[in-house]
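**Q** what's the 3D shape of this:
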Amino acid sequence: MSAVDTYIDQSAMDLRLSVVTGTLEKEHFNLLTTERRETSFGAIEAHIIGGSHICSLKIDKLTLHEVFACVDFELNRGRYAIRTDSMDQVLAGVNLNFKKHGVRYTFQSELVELDQAAVDRIAVMEQPLPGDSTIQMIRTFDKREEDDHPPTTIVLVKNLDFLRGKEIRLETLHSYPNEGKSVFTRTCVFL
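**A** Below is the predicted model of the structure:
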């Protein structure tokens, strides 16, 4: 799915990662695109929120939300498993274990120049993905005359079954042509 919407310039350096367990009040966010898939273990719901994303997983009795955004938000009922304060913390990566639920969460990110190599990676991410348990959302915003590329947010979610177990893989792109930067992320949730 691809759409055009009004884009507000933000900075890649302002992106923060929050992992929330329990309830996340999504009315605090401007949800531009939403997709949901039912799975053998529960449900996956993904949202594009401007140049950012939310991915929510319901895994048996564990509800987990990844929020990667330039906005601060408060929780009324959920709990932070982690909340980063800087892009340096985001780039260092995150590993969380929810042992009670048998779930392991990893997050990695790269901050790169929005050059031809990044544009080529974006083009690969825009290719259609096979499978009913896959989510692919692409939000392309209006390109400004002074920018070489339009701001784009891509969210890919893959529900993978392996002999050793199940894995949910989330790959995202957040491009900031106003800065000439792109942020690529990869999250793996092992069940």
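**Q** Next, count neighbours for residue 50.
**A** Using other Cβ atoms under 10 Å, residue 50 has 22 neighbouring residues. In short, each C-beta sits where N, CA and C put it, glycine included.
**Q** Could you shift the numbering so residue one becomes 593, and keep it that way?
**A** That works, and once the first residue is 593, the last one we named lands at residue 642.
**Q** if I pick it, what's in contact with it?
**A** In this structure, residue 642 makes contact with 599, 600, 602, 622, 624, 661, 662, 745, judged by Cβ atoms under 8 Å, 6 or more residues apart in numbering.
**Q** just the buried members of the residues you listed?
**A** 599, 602, 624, 661, 662, 745 (16 or more other Cβ atoms under 10 Å).
**Q** Can you show me the strands along the protein?
**A** For the chain, the strands defined by DSSP state E cover 594-595, 608-613, 625-630, 634-641, 644-651, 654-661, 671-675, 686-690, 695-705, 727-732, 744-754, 757-768, 773-782.
**Q** any idea which residue sits dead centre in this protein?
**A** Nearest to the mean C-alpha position of the chain, by Cα atoms, centre = their mean, lies residue 645 at 4.5 Å.
**Q** is it true that that residue touches residue 749?
**A** No. Between residue 645 and residue 749 there is no contact under Cβ atoms under 8 Å: 9.9 Å.
**Q** Could you name every residue contacting both of these two?
**A** Residues touching both residue 645 and residue 749 (Cβ under 8 Å, 6+ apart) are residue 638.
**Q** from the chain's centre, how far out does stretch 661-671 sit?
**A** Averaged C-alpha coordinates place stretch 661-671 at 15 Å from its chain's average position (Cα atoms, centre = their mean, to the nearest Å).
**Q** Show the end-to-end separation of that stretch, please.
**A** 17 Å (Cα to Cα, to the nearest Å).
**Q** How about residues contacting that stretch?
**A** With contact meaning Cβ under 8 Å, 6+ apart, stretch 661-671 is reached by 602-603, 606-608, 610, 612-617, 620-621, 641-646, 657, 659.
**Q** For PyMOL, write a command that selects the buried ones of these.
**A** Only the buried entries of those go into this PyMOL selection, using 16+ other Cβ under 10 Å:
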select buried, resi 602+607+608+610+612+613+616+621+641+642+643+644+645+646+657+659
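**Q** Also compute the angle for the longest helix along the chain relative to strand 757-768, please.
**A** Using DSSP state H, we find that the single longest helix of the chain is helix 708-717. Here helix 708-717 runs at an angle of 130 degrees relative to strand 757-768 (axes from the mean of the first three to the mean of the last three Cα atoms, to 10 degrees).
**Q** Report the buried residues of helix 708-717.
**A** Buried residues in helix 708-717 (16+ other Cβ under 10 Å): 710, 713, 714, 717.
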